[in-house]
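Undergrad: A structural model of the following input is requested.
(2 chains)
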There are 2 protein chains.
Amino acid sequence: MKCTVCREPALIDLRRHNSNFCSDHFLKFCRDQVTRAIADYEMIQPDDKVLVAVSGGKDSLAIWDILNALGYEAHGLYVGLGIGDYSDTSGTYVKKFVEARGLHLVEVDLQDTYGFDIPTGARAAKRAPCSACGLTKRHVFDGAAVDGGYDVLVTGHNLDDEAAVLFGNTIKWQTEYLARQAPVLPARNGFPRKVKPLVRLSEREMAAYCVLAGIDYIVDECPMAAGNRHLGHKAILNQMEAQSPGAKADFYFNFLRSGAEHFRAEDHDDGSIGTCERCGAPASGEVCAFCRLLERAGGTLPEPQPVELTARRELPRELQRETP
Amino acid sequence: MKCTVCREPALIDLRRHNSNFCSDHFLKFCRDQVTRAIADYEMIQPDDKVLVAVSGGKDSLAIWDILNALGYEAHGLYVGLGIGDYSDTSGTYVKKFVEARGLHLVEVDLQDTYGFDIPTGARAAKRAPCSACGLTKRHVFDGAAVDGGYDVLVTGHNLDDEAAVLFGNTIKWQTEYLARQAPVLPARNGFPRKVKPLVRLSEREMAAYCVLAGIDYIVDECPMAAGNRHLGHKAILNQMEAQSPGAKADFYFNFLRSGAEHFRAEDHDDGSIGTCERCGAPASGEVCAFCRLLERAGGTLPEPQPVELTARRELPRELQRETP
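TA: Got it, this is the predicted structure:
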């Protein structure tokens, strides 16, 4: 097996690209795929201040590494979820990565900041752990990005993640979710711009990237996610991919090209969202979903920090422009 | 295991319905499901003259049997495809079924009528056998229904068939096909009304129906279809169904309920279709796809039969109504 680019011995084959790569050309391939995703979907501008949500897993550490290599100013954001040993270990990987590279990391520990962790919070609120965790992370990510004055929030969702979520929404024809599935969510209603620059790269490719780039990461799946439906959908897509290389990417990118436009009218967000009366985050009701979770989980909001609140608040629409 | 209805010993369990049935109540269940599909999608009116396309397989013989049991006037249509022993055997099952019940069967033998069969025709025309066969059957079915003055053409597509086709079109986001996938295709442009009354019943249920109703059918799959993608999609859906009973029906019926409407604009048929200059069938070009296949396969059209041509011809639109 020879590298498709330089004919030196190859370390990895990529069937859907009909290519093999040596270490150097594989790392270049991954960076090129990120460059292309960023360009195709106009994800990040060269001078943007970028915040990367990192978990200690392969995807988020890899995209942080790649964005640095591509010359972006990218800070990391780590949220301590309190999922026992799993969270302790994942935090250690993040800190090792940060120290070795001299990067800037924003840290939010759920227990320290809000007085709850995911396992006890999910139990108390009678929510599935993945649901409570997703809600919490979205809230903390959004707040950190807006409060910190970042232009864009990057997450490490890869092709397998996005295709599996799309598959789940499609198989149930959840048209409102289909209306919102995109590699870029523009900033609106006080939410930050969110982008997924790894959509052109698979789970296996990200694991290989980390091994070859010398990035240590937590290999275990989250113990609370074991057996969830999302993983079942990944298994089905992997089976289709094995039978027909490229099937997974075709499914996802054909959706973006041909399917997505048919569901746009289902995106009922008319921009008239309000503000949570407790935490000030954007919310469709009086109290945002995170503050409702927090209440049931027995946690509390941190003391308001004036600087953060100023950064977060938005002027009402009628004050934003000088009336003609 | 007891029958959910009468508590007598049950012969079959239906996980997605959380039910078990004895023989009598299972047969009734199947007929009820057909009644419901016919009502839900307004498939057939009580006095309609019905033509059922029968292959000798379980689905088409079962739906013919059920329509008779429900009191419809239903004739059968059997097309001899010339696929070696498979066609000979399937024809035998159809004739046994017809003779035992004293039913009316319309027969069209491809070789006798058009001078070609599917294996040689597909080879000569360099088409995949399933593609040549589908095209040919559609042409012969449509012609027989229109020429015979039938109100509706029934095919034996079951839930597994429809879900697998939907899955294939969805996974590729073939939005034009998604726009046309429905359990009822209304009559238009010289095509007959086509309906699929088995959409609420699975492959396994139809096999059980035949066994319990004493219908002998050809069990083998068509030898030319072995390994086609359609069967792969069925396997994936079966896997999902095993993990989560009802997943297959949810996928299909949620599409009809919530997904389908989003693709309607992709149905580009504006009703301005013309007529094949060779055979008189509806066609978008000068010569219909079947006549092009026929030419490449070295076959010929049968001598025109005046009665049939009269039945088939339609008045041009401007002559259909008296100008005010």
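Undergrad: Let's see the distance spanning stretch A:278-290 from one end to the other.
TA: Using C-alpha to C-alpha, to the nearest Å, one end of stretch A:278-290 lies 10 Å from the other.
Undergrad: for it, which positions count as buried?
TA: Of the residues in stretch A:278-290, A:278-283, A:288-290 count as buried by neighbour count, 16 or more other C-beta atoms under 10 Å in any protein chain shown. All C-beta spots, glycine's among them, are computed from the backbone N, C-alpha and C.
Undergrad: chain center to that stretch: distance?
TA: Distance of stretch A:278-290 from its chain centroid, counting by C-alpha atoms, centre = their mean, to the nearest Å, is 21 Å.
Undergrad: Select from the buried residues of stretch A:278-290 every entry located in helices.
TA: Among the buried residues of stretch A:278-290, the ones falling in helices (DSSP state H) are A:289-290.
Undergrad: can you list the buried residues of stretch A:278-290 in CSV and add distance to chain B and pLDDT?
TA: Formatted as CSV, those follow (distance: C-beta to the nearest C-beta, whole Å; pLDDT from 0 to 100):
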residue, distance to chain B, pLDDT
A:278, 34, 92
A:279, 34, 91
A:280, 35, 88
A:281, 30, 90
A:282, 27, 88
A:283, 27, 88
A:288, 28, 91
A:289, 24, 90
A:290, 29, 93
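Undergrad: For the buried residues of stretch A:278-290, name the two members farthest from one another.
TA: Farthest apart among these by C-beta to C-beta are A:280 and A:289. That separation is 14.3 Å.
Undergrad: How far off centre is stretch A:193-204?
TA: So, by C-alpha atoms, centre = their mean, the centroid of stretch A:193-204 is 8 Å from its chain's centroid.
Undergrad: Likewise for stretch A:207-221?
TA: Remark: stretch A:207-221 is offset 17 Å from the chain centroid, using C-alpha atoms, centre = their mean.
Undergrad: and what of stretch A:197-208?
TA: Worked out by C-alpha atoms, centre = their mean, stretch A:197-208 lies 13 Å from the chain centre.
Undergrad: export that stretch as CSV, just CAs?
TA: Listed in CSV are the C-alpha atoms of stretch A:197-208, where the atom choice follows Å, rounded to 0.1, in the frame of the first residue of the first chain:
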residue,chain,number,x,y,z
PRO,A,197,-15.5,22.1,10.6
LEU,A,198,-15.0,18.3,10.9
VAL,A,199,-18.1,17.4,8.8
ARG,A,200,-15.9,16.1,6.0
LEU,A,201,-13.9,13.8,8.2
SER,A,202,-15.0,10.5,9.8
GLU,A,203,-14.6,9.1,13.3
ARG,A,204,-11.9,6.7,12.2
GLU,A,205,-10.0,9.5,10.4
MET,A,206,-10.1,11.7,13.5
ALA,A,207,-8.7,8.8,15.6
ALA,A,208,-5.9,8.3,13.1
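Undergrad: doesn't residue A:215 make contact with residue A:61?
TA: Yes. In this structure, residue A:61 is within contact of residue A:215 by C-beta atoms under 8 Å, at 5.2 Å.
Undergrad: Count the neighbours of the residue in the stretch 51-200 of chain A that chain B sits nearest to for me.
TA: At 4.1 Å from chain B, residue A:173 is the closest residue in the stretch 51-200 of chain A, using C-beta to the nearest C-beta. When neighbours are counted by other C-beta atoms under 10 Å in any protein chain shown, residue A:173 registers 22.
Undergrad: again, but for residue A:183
TA: 21.
Undergrad: Doesn't residue A:179 belong to a helix?
TA: Yes. Looking at residue A:179 with DSSP: H, G, I helix; E, B strand; the rest coil, it is inside a helix.
Undergrad: Pretty sure it sits against residue A:263.
TA: Yes. Counting by C-beta under 8 Å, residue A:179 does reach residue A:263; the two are 4.2 Å apart.
Undergrad: Helices along the stretch 51-200 of chain A, start to end?
TA: In the stretch 51-200 of chain A, the helices defined using DSSP state H, counting those that start in this stretch lie at A:58-69, A:84-101, A:110-114, A:118-125, A:129-147, A:159-171, A:175-180.
Undergrad: Need these in JSON lines (columns: distance to residue A:48, mean neighbour count and mean pLDDT).
TA: Below are those laid out as JSON lines (distance: least, C-beta to C-beta, whole Å; neighbours: other C-beta atoms under 10 Å in any protein chain shown; pLDDT from 0 to 100):
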{"stretch": "helix A:58-69", "distance to residue A:48": "10", "mean neighbour count": "24", "mean pLDDT": "98"}
{"stretch": "helix A:84-101", "distance to residue A:48": "20", "mean neighbour count": "16", "mean pLDDT": "95"}
{"stretch": "helix A:110-114", "distance to residue A:48": "26", "mean neighbour count": "18", "mean pLDDT": "94"}
{"stretch": "helix A:118-125", "distance to residue A:48": "30", "mean neighbour count": "20", "mean pLDDT": "90"}
{"stretch": "helix A:129-147", "distance to residue A:48": "11", "mean neighbour count": "20", "mean pLDDT": "94"}
{"stretch": "helix A:159-171", "distance to residue A:48": "22", "mean neighbour count": "22", "mean pLDDT": "96"}
{"stretch": "helix A:175-180", "distance to residue A:48": "22", "mean neighbour count": "18", "mean pLDDT": "92"}
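Undergrad: can you list the ones you listed in a markdown table and add distance to residue B:42?
TA: Below are the helices of the stretch 51-200 of chain A laid out as a markdown table (distance: least, C-beta to C-beta, whole Å):
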| stretch | distance to residue B:42 |
| --- | --- |
| helix A:58-69 | 50 |
| helix A:84-101 | 55 |
| helix A:110-114 | 55 |
| helix A:118-125 | 46 |
| helix A:129-147 | 40 |
| helix A:159-171 | 27 |
| helix A:175-180 | 24 |
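Undergrad: Tell me which of those sits nearest to residue A:232.
TA: Across the helices of the stretch 51-200 of chain A, closest to residue A:232 is helix A:159-171 (C-beta to C-beta), at 8.7 Å.
Undergrad: Say whether chain B is contacted by that closest one.
TA: Yes. Counting by C-beta under 8 Å from any C-beta of the partner chain, chain B is contacted by helix A:159-171 at A:170-171.
Undergrad: got the contact list for that helix?
TA: A:59, A:177-178, A:181, A:183, A:196, A:198-203, A:229-231, A:233-234, A:236-238, A:248-249, A:251-252, A:255, B:170, B:240, B:247, B:250-251 (C-beta atoms under 8 Å, 6 or more residues apart in numbering or on different chains).
Undergrad: Can you tell me which of those are buried?
TA: Of those, these count as buried by 16+ other C-beta under 10 Å: A:59, A:177-178, A:181, A:183, A:196, A:198-203, A:233-234, A:236-238, A:248-249, A:251-252, A:255, B:170, B:240, B:247, B:250-251.
Undergrad: ok, and the helix or strand in chain A with the lowest average confidence?
TA: Sorting the helices and strands of chain A by mean pLDDT, DSSP states H and E puts helix A:306-312 at the bottom, at a mean of 43.
Undergrad: mind listing what the closest residue to residue A:216 other than its chain neighbours touches?
TA: With sequence-adjacent residues excluded and distances taken as C-beta to C-beta, 6 or more residues apart in numbering or on different chains, residue A:216 is closest to residue A:93, at 5.8 Å. Residue A:93 sits next to A:56, A:61, A:216-218 when contact means C-beta under 8 Å, 6+ apart.
Undergrad: Of those - the most surrounded one?
TA: That'd be residue A:61 among those, by other C-beta under 10 Å, with 28 neighbours.
Undergrad: how much space between it and residue A:219?
TA: According to C-beta to C-beta, to the nearest Å, residue A:61 and residue A:219 sit 12 Å apart.
Undergrad: now do residue A:167
TA: For residue A:167, the distance to residue A:219 - C-beta to C-beta - is 24 Å.
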